[in-house]
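Chemist: whatever this is, show me its structure:
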Amino acid sequence: MAEYSCVKSTKLVLKGAKEKSKKKHKEKKRKREEDAAEQLDIVGNWWAISNFGEITGTIAIEMDKGAYIHALDNGLFTLGAPHKDDEGPSPPEQFTAVKLSDTRIALKSGYGKYLGINSDGLVVGRSDAIGSREQWEPVFQDIRTCAEREAKKKDDVPQEDKGNVKQCEINYVKKFQSFQDKKLKISKEDTKALRKARKEGTFHEMLLDRRAKVKADRYCK
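Modeler: The predicted structure follows:
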């Protein structure tokens, strides 16, 4: 069994039957390894993420022992009821992680909506597309992880999102329009709906719809 002394615990530890050993020092060593495995944050097929590379597929956000962030069908969130030690998160407490870069991710709820920050600073899950407000940067501490929004400094806000809703619309048209006819195509619809969408976290989807209607986006057909 000496070869097991070089084995390091991974994020998923499988526990099998224990074999007896005649040597006391091996018994003590095995006991220490078993205690270390029990101390890992593992529940069923779920484990605590320890680095950015492990963020993939379905994840859950644990706020307290056995209690996870729970998505509601109105786009809001609550803290779910605590689970037993051998129970993982329920479906409304599971999110899909989408990697956007080497440091940022987006999170999608089971209702098909992306998590973001609205104009009141609240986390909501009502967006159909990924914009600047739907991007998250995980920050790790010890073996646990938390998702932290990037600081709300003007320099961190994308240039296209600066200004009022009308100016933002112009910024995005300039970014995505092909300008083959040398004319700036701006929607003539009222901007009241844009202001509402900005508060509800659907601002970028509405901007895309408005660009599509006037064919002011080279990616829209």
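
Chemist: now stretch 161-168: buried residues?
Modeler: Buried residues in stretch 161-168, counted by 16 or more other C-beta atoms under 10 Å: 161, 165, 168. Heads up, the C-betas are built off the backbone N, CA and C, glycines and all.

Chemist: again, but for stretch 77-86
Modeler: Using 16+ other C-beta under 10 Å as the test for burial, stretch 77-86 gives 77, 80, 83.

Chemist: can you check stretch 168-188 too?
Modeler: 168, 169, 171, 172, 173, 176, 177, 185, 186, 187.

Chemist: isn't residue 71 up against residue 90?
Modeler: No: taking contacts as C-beta atoms under 8 Å, residue 71 lies outside contact range of residue 90: 10.2 Å.

Chemist: those two: which is more packed in?
Modeler: residue 71 (24 against 14; other C-beta atoms under 10 Å).

Chemist: isn't residue 175 right next to residue 158, touching?
Modeler: No: using C-beta under 8 Å, residue 175 makes no contact with residue 158, being 9.7 Å away.

Chemist: hmm, which two among the buried residues of stretch 168-188 are most spread apart?
Modeler: Greatest spacing in the buried residues of stretch 168-188, by C-beta to C-beta: 168 and 185 (15.5 Å).

Chemist: rewinding a little: could you dump the buried residues of stretch 161-168 to a markdown table with distance to residue 130?
Modeler: What follows is these, written out as a markdown table (distance: C-beta to C-beta, whole Å):
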| residue | distance to residue 130 |
| --- | --- |
| 161 | 13 |
| 165 | 19 |
| 168 | 16 |
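
Chemist: give the next helix or strand downstream of the worst-scoring helix or strand of the chain on mean pLDDT.
Modeler: Least confident helix or strand, the chain: strand 144-148 with a mean of 46, by mean pLDDT, DSSP states H and E. Next along the chain after strand 144-148, taking DSSP states H and E as the criterion, comes helix 165-176.

Chemist: who does that next one touch, helix- and strand-wise?
Modeler: If contacts are counted by 3 or more C-beta pairs under 8 Å, 6 or more residues apart in numbering; DSSP states H and E, helix 165-176 sits against helix 192-200, helix 203-213.

Chemist: all strands for the protein, in order.
Modeler: Using DSSP state E, the strands found in the chain span residues 42-43, 46-47, 57-59, 62-64, 67-71, 77-79, 95-99, 105-108, 114-117, 123-127, 137-141, 144-148.

Chemist: most packed of the helices and strands packed on helix 165-176?
Modeler: Mean neighbours per residue, mean count of other C-beta atoms under 10 Å, is largest over the helices and strands packed on helix 165-176 for helix 203-213, with a mean of 20.

Chemist: what does that one contact?
Modeler: 127-131, 133, 165, 168-169, 172-173, 176-177, 185, 187, 189, 193-194, 197, 217, 220 (C-beta atoms under 8 Å, 6 or more residues apart in numbering).

Chemist: ok, stretch 98-109 next?
Modeler: Residues from elsewhere that reach stretch 98-109, judged by C-beta under 8 Å, 6+ apart: 52, 55-56, 59, 71, 92, 95-97, 114-115, 125, 130, 134-138, 147.
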